[in-house]
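J.: here is the input, now give the coordinates:
(2 chains)
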Protein chains: 2
Amino acid sequence: MLKKGGGNIKLAFITSNQHKYFEARQVLSSWNIDLYMVDSVKLEVQDEEIENISRTAAIYAYNVLKKPLIVEDSGLFIEALNGFPGPFSSYAHKTIGNEGILRLLSGESNRKAYFKASVTCVCNEFVMTFNGLVYGTISMEPKGDKGFGFDPIFVPKGFDKTFSELGEDVKNKISHRSKAFTELAMWLSQSRNL
Amino acid sequence: MLKKGGGNIKLAFITSNQHKYFEARQVLSSWNIDLYMVDSVKLEVQDEEIENISRTAAIYAYNVLKKPLIVEDSGLFIEALNGFPGPFSSYAHKTIGNEGILRLLSGESNRKAYFKASVTCVCNEFVMTFNGLVYGTISMEPKGDKGFGFDPIFVPKGFDKTFSELGEDVKNKISHRSKAFTELAMWLSQSRNL
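T.: This is a model prediction of the structure:
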């Protein structure tokens, strides 16, 4: 059960990705939510909707752990590539990388893309999923050395630098993941008074 | 239970892909194995090993259906792309298509690739997985109008035509899928005499 009232909420974050863990912890710490990382019990289904991936994984993990937990899934969806790499962003990054994405888009004038994160929380009697999106474009070349994944080629709308160039402080204010985690935090802070 | 002795074996093939179903039926019909297609109860996990994907899906489906069944998973693994698109071939084909693969390989002299199929059968008290591989190369352009998926850009070793140009009769003699299904059939025909 979650602590109600004044105490900090404690949630397991089911992930093997330390970058995601640190990003989430930074967002949630200001909401009196303590995360700890559990690198196991992750069932990741193939599905074109990342909501379904995070939801299935969260329910599966809860059936094993029996503790309040969250699971996050995210992807980069590129308009000119019909949504590729989408839910398979992690594998695409590992195999063809940023260079592969740029090659697929060479000569393409439509560089529109968005990142989407979907966070599912299983706690008390609730299974809740929160989404966050950030729109932007794919750059012509990789830039910057911060962040991870496709950060060096994604320029969020309203900026002229990639996520990698902007660094984690800026990224964590505007990113898909921070939006989804903020939605979660707002819901949790309300529900602790239920 | 499987029929023993002289009767035909009857197996559910858990798939939503009619091409795969017809390919499998063609291979298995000569072994007195009757297939029927069940387009549901498929849990497809994200995993870099297609054996694990087919095995998990088969066990999950069996727990729902409680009937002898098979599940197949397959992928195209391209050496110069570190195995991409691999287990996510279906989504990659749907989004970036053959043209995307050719673009990723433009200027690349190493065109080596292989198709791999993994078939898991759950019947009687057994869970058995059979693999089939076919080596070849990625063509410089799509050719042929038969088959499906990446067939128009895959030239099997020992041939100078793509799977699409060769047509289903030839493909079904040499393909990854026919090899995996033939292994299954041989095992089933032995085990029916156990």
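J.: where are the low-confidence patches of chain A?
T.: Across chain A, the ranges flagged by pLDDT under 70 are A:1-6, A:192-194.
J.: strands of that one, start to end?
T.: Ranges of strands in chain A, per DSSP state E, are A:9-14, A:33-38, A:69-78, A:85-86, A:112-123, A:126-138, A:154-156.
J.: export the ones you listed as a markdown table, with columns for distance to chain B.
T.: Yep, even glycine has a C-beta here, placed from its N, CA and C like the rest. What follows is the strands of chain A, written out as a markdown table (distance: least, Cβ to the nearest Cβ, whole Å):
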| stretch | distance to chain B |
| --- | --- |
| strand A:9-14 | 14 |
| strand A:33-38 | 18 |
| strand A:69-78 | 9 |
| strand A:85-86 | 7 |
| strand A:112-123 | 13 |
| strand A:126-138 | 14 |
| strand A:154-156 | 18 |
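J.: can you put those strands in JSON lines and add mean neighbour count?
T.: As requested, these are exported to JSON lines (neighbours: other Cβ atoms under 10 Å in any protein chain shown):
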{"stretch": "strand A:9-14", "mean neighbour count": "21"}
{"stretch": "strand A:33-38", "mean neighbour count": "18"}
{"stretch": "strand A:69-78", "mean neighbour count": "26"}
{"stretch": "strand A:85-86", "mean neighbour count": "24"}
{"stretch": "strand A:112-123", "mean neighbour count": "23"}
{"stretch": "strand A:126-138", "mean neighbour count": "18"}
{"stretch": "strand A:154-156", "mean neighbour count": "23"}
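J.: output these as CSV; include the columns distance to B:G149.
T.: Listed next are the strands of chain A as CSV, based on distance: least, Cβ to Cβ, whole Å:
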stretch, distance to B:G149
strand A:9-14, 33
strand A:33-38, 37
strand A:69-78, 21
strand A:85-86, 18
strand A:112-123, 25
strand A:126-138, 26
strand A:154-156, 30
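J.: for B:K67, which of the ones you listed is the nearest?
T.: Evaluated over the strands of chain A, closeness to B:K67 peaks at strand A:126-138, with 30.6 Å, by Cβ to Cβ.
J.: who does the closest one touch, helix- and strand-wise?
T.: helix A:50-65, strand A:112-123, strand A:154-156, helix A:176-191 (3 or more Cβ pairs under 8 Å, 6 or more residues apart in numbering or on different chains; DSSP states H and E).
J.: coming back round to it: quick one: which of the strands of chain A is nearest B:D160?
T.: If we rank the strands of chain A by Cβ to Cβ, the stretch that ends up nearest is strand A:85-86, at 32.6 Å.
J.: run the chain-centre distance for the closest one.
T.: Chain-centre distance of strand A:85-86: 13 Å, with Cα atoms, centre = their mean, to the nearest Å.
J.: distance of the residue of chain A positioned farthest from its centre from chain B?
T.: The centre of chain A is farthest from one residue, A:G107, which by Cα atoms, centre = their mean lies 29.4 Å away. Separation of A:G107 from chain B (Cβ to the nearest Cβ, to the nearest Å): 9 Å.
J.: what does chain A put close to chain B?
T.: Contact residues (Cβ under 8 Å from any Cβ of the partner chain) of chain A with chain B: A:43-48, A:53, A:81-88, A:91-92, A:94-96, A:100, A:103-104, A:106.
J.: PyMOL command for the buried members of those residues?
T.: Command for PyMOL that selects the buried part of the residues of chain A next to chain B, burial taken from 16 or more other Cβ atoms under 10 Å in any protein chain shown:
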select buried, chain A and resi 43+44+45+46+47+53+81+83+84+85+86+87+88+91+92+95+96+100+103+104
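J.: inside helices: which ones of the residues of chain A next to chain B?
T.: Of the positions in the residues of chain A next to chain B, A:53, A:91-92, A:94-95, A:100, A:103-104 sit in helices, assigned by DSSP state H.
J.: quick check: the two most widely separated of the residues you listed?
T.: Using Cβ to Cβ, the pair of those lying farthest apart is A:I53 and A:R103, separated by 26.5 Å.
J.: quick one on the thing from earlier: who wins for proximity to B:V127 among the helices and strands packed on strand A:126-138?
T.: helix A:50-65 (19.9 Å).
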